[in-house]
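Novice: Predicted model, plus sequence, below.
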Amino acid sequence: MKSIEEMMKAAQEAAQTIQKQMEEAQGKLDTIEVEGVSGGGLVKVRASAKGRIISLSIDDSLIVPADKQMLEDLVVAAFNDAREKADAASNSEMGKMTSGLPLPPGFKLPF
C-alpha cells in the first residue's frame, strides 16, 4: 500500500502534467484559424480559435455612404460567426485533451 507521501507526490506530478498539457493546448489555439462570413461572402473575418481577429475583408461593392449601417451590421454578423466557430474549435481542442480525464460532470478546465 502506498504511503500518503507517495500518493501526494503522484497527485502533484499529475497536476503538473495536466498544467503543461493545458498550456500547450492554449498555445495551439492561437494557431487554429476560422473564417466567419456574412452577406453571402461580402464580409469576411478571420480569427484564431482564441478569438484574436486576424483580418477583415469587405467587398468594394459595400463601400457606399448610404449603406453605412448595413455595412456595420454585416461586420458585426461576420465577427459573431467567426467567434462561434472559434468557440467550437476551442471546445474541440480542449475536449481532446480532457477526454481521458475522470472529471465529474460539469467540471471544466481551466479552473
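Specialist: Received, thanks.
Novice: What residues sit buried inside the helix or strand harbouring Lys68?
Specialist: Applying DSSP states H and E as the criterion places Lys68 in helix 68-98. For helix 68-98, burial by neighbour count (16 or more other Cβ atoms under 10 Å) applies to 71, 74-75, 77-79, 81-83, 85-86, 89-90, 94, 97. Quick note: C-beta positions are derived from backbone N, CA and C, even for glycine.
Novice: Compute the distance between Gln69 and Val75, please.
Specialist: Gln69 sits 11 Å away from Val75, taking Cβ to Cβ, to the nearest Å as the criterion.
Novice: same question, Met97
Specialist: In this view, Met97 and Val75 are 33 Å apart by Cβ to Cβ.
Novice: what's the helix holding Lys68 packed up against?
Specialist: helix 4-29, strand 33-38, strand 43-48, strand 53-58 (3 or more Cβ pairs under 8 Å, 6 or more residues apart in numbering; DSSP states H and E).
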